[in-house]
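Participant: Sequence and predicted structure below; questions after.
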Amino acid sequence: MKQEWKPIYIDLKDKVVLVTGGASGIGYAIAQAFSANGSKVVIVGRDKTKLDAARKNIGGKVIGIRFDLSEIGRLPELVKEIKNAVGEVDVLVNNAGINLKKDALNVSDEEYENIVKTNQTAVFALTREIGKSMVARGSARPDPSGKSIIMISSMASQYGIPKVVAYTASKSAIEGMTRALAVEWSPHGVRVNCIAPGFIKTAMSSKALDGDSERKSKVLSRTPIGKLGEPSDVANAALFLASAQSKYVTGVILPVDGGNSIGF
């Protein structure tokens, strides 16, 4: 279903926005939101069919690029392709990630490393490659909102969740990376922030929770707002963090979770 968005951040018009994992779920909503605000959106993913469908449904200035982010050595090629297609990236949303639900005692070294490679190492490598240009341009031609990098972590980094040790470790690292890069790059006009989504109503989460009524009840009972979030809730936070409205905000970890992380 297509979310109806009203453009409210005029400073995002014509900015080049890269959203990884932008063909479905939260990433799709984020891509929709930026497109509705006039941004030139690039969505990256591994599934060409999903990318083509997302691009068609979103409309506007959206292009899709099929790319496996775990191919870290090829990331400079991706950045060059984006530059040639639409220009230098102004906003990077690191949304793509993978998970593994398994007892920690049974997680192999290879499985752990695979999660960390995709969710942590690839995120840093892409951010570094995009950051090279952002830092240079931000120092030379500062603008009100600056360049913006938005990480997507998880409630798993806020408190312990069983059977997702590799995912938890990788997302906790993303939050530390956010703070470190914010300190290093913000003086050069590049703000770095992070969104930590709670239980958001996506196809994946619905499948998991609808088949486990006990878990769903537990989730809702400790969420003060009393319902699951929508992908658009995360997208609205991303718009704010990328816009001039948040020009004095950097290095923050913003939970978008209906209060779940502070619920009792």
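Facilitator: It's in.

Participant: Contacts for stretch 121-135, please.
Facilitator: With Cβ atoms under 8 Å, 6 or more residues apart in numbering as the test, stretch 121-135 has contacts from 18, 20, 69-70, 72, 75-76, 78-79, 83, 88-90, 92, 94, 147, 149, 151, 174, 177, 181, 185, 188-190. Every C-beta, even on glycine, is put in place using the N, C-alpha and C of the backbone.

Participant: er, stretch 215-227 I mean
Facilitator: Here stretch 215-227 has contacts from 198-199, 208-210, 228, 257-260, 262-264, using Cβ under 8 Å, 6+ apart.

Participant: For ChimeraX, write the selection for the buried entries among the contacts of stretch 121-135.
Facilitator: Listed next is the ChimeraX selection for buried residues among those, using 16 or more other Cβ atoms under 10 Å:
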select :18,20,69,72,75,78,79,89,90,92,94,147,149,151,174,177,181,185,188,189,190
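
Participant: Of the contacts of stretch 121-135, which belong to strands?
Facilitator: Counting by DSSP state E, these place 18, 20, 92, 94, 147, 149, 151, 190 in strands.

Participant: now, the most widely separated pair of those?
Facilitator: The span of the ones in strands among the contacts of stretch 121-135, defined through Cβ to Cβ, is set by 20 and 190 at 17.5 Å.

Participant: sec struct for the closest residue to residue 191 other than its chain neighbours, please.
Facilitator: In this structure, residue 191 finds its nearest non-sequential neighbour in residue 250, 4.2 Å apart by Cβ to Cβ, 6 or more residues apart in numbering. At residue 250 the chain is in coil, as set by DSSP: H, G, I helix; E, B strand; the rest coil.

Participant: returning to what we had before: export the contacts of stretch 215-227 to JSON lines and tack on neighbour count and distance to residue 27?
Facilitator: Output for the contacts of stretch 215-227, formatted as JSON lines (neighbours: other Cβ atoms under 10 Å; distance: Cβ to Cβ, whole Å):
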{"residue": "198", "neighbour count": "22", "distance to residue 27": "16"}
{"residue": "199", "neighbour count": "21", "distance to residue 27": "17"}
{"residue": "208", "neighbour count": "14", "distance to residue 27": "18"}
{"residue": "209", "neighbour count": "18", "distance to residue 27": "20"}
{"residue": "210", "neighbour count": "9", "distance to residue 27": "22"}
{"residue": "228", "neighbour count": "21", "distance to residue 27": "17"}
{"residue": "257", "neighbour count": "25", "distance to residue 27": "18"}
{"residue": "258", "neighbour count": "21", "distance to residue 27": "20"}
{"residue": "259", "neighbour count": "14", "distance to residue 27": "24"}
{"residue": "260", "neighbour count": "22", "distance to residue 27": "21"}
{"residue": "262", "neighbour count": "12", "distance to residue 27": "26"}
{"residue": "263", "neighbour count": "16", "distance to residue 27": "26"}
{"residue": "264", "neighbour count": "6", "distance to residue 27": "31"}
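
Participant: Export those residues as CSV, with columns for pLDDT and secondary structure.
Facilitator: Formatted as CSV, those follow (pLDDT from 0 to 100; DSSP: H, G, I helix; E, B strand; the rest coil):
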residue, pLDDT, secondary structure
198, 92, coil
199, 90, coil
208, 64, helix
209, 75, helix
210, 76, helix
228, 92, coil
257, 94, coil
258, 95, coil
259, 94, coil
260, 91, helix
262, 88, helix
263, 82, coil
264, 73, coil
